[in-house]
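1. The amino acid sequence is not available; the structure is as follows:
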DNA sequence: CCTTCCATAGAGACCGTTTTCTATCCGCCT
DNA sequence: AGGCGGATAGAAAACGGTCTCTATGGAAGG
């Protein structure tokens, strides 16, 4: 029973009527790409202002066949690292006059798929996936299909902070050297004399970020003649302060001895640091600690956290830049793009040579 | 010279042709709101899958006259407080099957205006402004106009963490009790014996957030018989760690004596804490410190920061919920909505009674 | 004075959906 | 047997823009 015509938006036709011109003329005044007499132009502009007219993007997009929109799909906007990437991407998009669509998945692959579908419906110029994922054959198949669909539709799939899905796909990959960062961080600890280094990582099984960081950790130990002790590898930590805190407490009270911790993220390192203090130990005197990501928190911790710098903002910016330039350049779109940013250790105050053979205070 | 028809998207017509039915039938299968024979439905669904067909939102939005989209306009997605609000809003929007458009203004009112214009073009169901602003008559006039335009177009203007622009406007305001939080924090310091409390705040002149927090600070002092010393009010701090750090250093080395700092945000408090330590002083023994926002950082600082809890996530969630329920409820849309969330002090470890008459170490 | 051409303006097709209004088929009731 | 109504399907008109093609007026040139 509801009135169907409760609101009728003011259209280009209303403007035309009020200015006493045709619809085409109004369109041309707005676009500014066609000669219109000065007097007419002014009349139209006045009508637009008086009616408070705003063009309808959807009508435009319909005839154009595409949109000035870039889509981001991210696990959680609250993660400081992701936030930095989104910020860089948003900034670059805004610079190019693009609008941003954002969707959160909470780490759920189902929701990621649903989000991609929504973005396809939206005809976004690019769909940017930010953050690691669980890599398995099914995932690759799905992504390959999506990449091709988007490509066929004139859009582009971008993976940001996530490894490629295979060679020769119409995909833009913007990564950072995840493994090298972990290698450097671990080597840094080893060079200070540590041999029993607890790896504190996690995420879902098969998570790409964890896998790469763990690989770097292992390689660095091997290359330096330190045996890899599987007992010192913990991969059930969630990426939260709380989880880092609780796992560290547990390891301090009942694990094998260690003299240093390599935390998979700075946030986890923050939790670990709190747990260490609570046990009456200190950083770095009793236990050295390194993190990963170099988020602002790292400098606010005391001691300041030695960590691995990842250029997240630049990562986001490049993701947008590469995808849009590819389209504007009109290159044969099938081509793959792959960029890897460097990472490096930022030495602060949370690492020192081990004082003894490793702590295990409670037992 | 470019080919105009380089990509033609696969349309509902293609699906209809392949399934051997009419366009209407395909539409009905997708909507599922009209009886279609089982056999036909299956044929259509197969065709959709085979062609990898995805409906065009813009065409839909055009006939529907509106979109399933909620727009956020925010200063900076990296701010942990804003990020929490955006997250709450995004979550609630997703729960209702809405997509989110996000735009960043970098605190520039011009860009805020431009962003709102873009969102109007997009026919978003609601436009949510997150964070404080500079409040002056020109601002109110502009916003009132925008509120009415959006209302007329069947959309809704929402102010989140920002005061109302006047009575009886078609606006949804979701605030927190900013002044009461500042009052409580200041009163907390006074109750511990502090009388010389440095207010460390800033933002652009006339910024609503600063004004309210400063008002709470003043009122708390007055109500407790502590004279307000204008010399102890610093309002040129930017909302960054660096700015908090530098201003604190300057005050410690060349300002009048004080025994406590009320920092306008936790991030600023983080910088202040670092500066205090660097001067060889300690928190809370030499100087007590309170922040505002209760972001995750507050618990990672050492000592843990006493601060004011603001339910940012809930704020964002409510903003979306109220706006959408209003539209769905089909209430006479002119009505104003106004919700104020409570704030309270979270006591941690950064406040203690003053040890002496106030520090001024360098002179 | 008539043609030609430029500058400007309008008419109308089209973009991909939804939705109303019709049309058909078929079984059932009278 | 004929009319009726329910179930299903199609035709075509919107939705609000852009853009191509055509039309008109007047100035310039012969």
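-> Perfect, I can see it now. Quick caveat: nothing in here was measured; it's all calculated off a predicted structure.

2. State the distance from the closest residue to residue A:309 other than its chain neighbours to chain B.
-> For residue A:309, ignoring the flanking residues on the chain, the nearest one in space by CB to CB, 6 or more residues apart in numbering or on different chains is residue A:294 at 4.3 Å. From N, CA and C alone the C-beta is placed, and that goes for glycine too. Distance, residue A:294 to chain B, using CB to the nearest CB, to the nearest Å: 14 Å.

3. How about residue A:251?
-> Distance, residue A:251 to chain B, by CB to the nearest CB: 19 Å.

4. Distance of that residue relative to residue A:281?
-> As for residue A:251, its distance to residue A:281 is 12 Å (criterion: CB to CB, to the nearest Å).

5. cool, residue A:222 as well?
-> For residue A:222 relative to residue A:281 (CB to CB), the value is 28 Å.

6. show me where chain A has strands.
-> A:69-74, A:99-104, A:126-130, A:157-160, A:171-176, A:197-202, A:233-237, A:260-263, A:288-290, A:307-309, A:337-341, A:344-346 (DSSP state E).

7. Please pull out the lowest mean pLDDT helix or strand from chain A.
-> When the helices and strands of chain A are scored by mean pLDDT, DSSP states H and E, helix A:312-329 comes last with a mean of 92.

8. In that one, which residues are buried?
-> Residues A:312-324, A:326-327 are the ones in helix A:312-329 that count as buried (16 or more other CB atoms under 10 Å in any protein chain shown).

9. Any residues of chain A in contact with DNA strand D? List them.
-> Listed as neighbours of DNA strand D in chain A under the rule CB under 7 Å from any atom of the strand: A:8-9, A:11-13, A:23-24, A:27, A:30-31, A:33, A:53, A:55-56, A:59-60, A:62-64.

10. are any of these buried, and which?
-> The neighbour-count criterion (16+ other CB under 10 Å) marks A:11, A:12, A:27, A:53, A:55, A:56, A:59, A:62 among the residues of chain A next to DNA strand D as buried.

11. give me every residue that touches the third one.
-> The one in question is residue A:27. Contacts for residue A:27 (CB atoms under 8 Å, 6 or more residues apart in numbering or on different chains) come out as residue A:12.

12. now the second one
-> Residue A:12 is in contact with A:23, A:26, A:27, A:53, A:55, counting by CB under 8 Å, 6+ apart.

13. ok, these vs residue B:215, which is closest?
-> Proximity of those to residue B:215 (CB to CB) peaks at residue A:53, which lies at 40.5 Å.

14. Show the model's pLDDT score for that closest one.
-> We note a pLDDT of 96 for residue A:53 in this prediction.

15. between residue A:251 and residue A:281, who's got more neighbours?
-> Ranked by neighbour count (other CB atoms under 10 Å in any protein chain shown), residue A:251 and residue A:281 place residue A:251 first, with 20 against 14.

16. The more buried one and residue A:234 touch, don't they?
-> Yes - Residue A:251 is within contact range of residue A:234, at 6.9 Å (criterion: CB atoms under 8 Å).

17. Give me the common contacts of those two.
-> With CB under 8 Å, 6+ apart as the test, residue A:251 and residue A:234 both reach A:198, A:200.

18. How about the contacts made by the residue nearest the centre of chain A?
-> For chain A, residue A:130 is the residue whose C-alpha lies nearest the centre (CA atoms, centre = their mean; 3.4 Å). Contacts for residue A:130 (CB under 8 Å, 6+ apart) come out as A:72-75, A:82, A:85-86, A:89, A:160-162, A:316, A:319.

19. Apply 6 Å and report the result again.
-> If you count contacts by CB atoms under 6 Å, 6 or more residues apart in numbering or on different chains, residue A:130 has them with A:74, A:82, A:85, A:160.

20. any idea of the pLDDT on the closest residue to DNA strand C within the stretch 101-250 of chain A?
-> Nearest residue of the stretch 101-250 of chain A to DNA strand C, counting by CB to the nearest atom of the strand: residue A:121, 8.5 Å away. At residue A:121, the model reports a pLDDT of 96.

21. Nice, that's everything, thank you.
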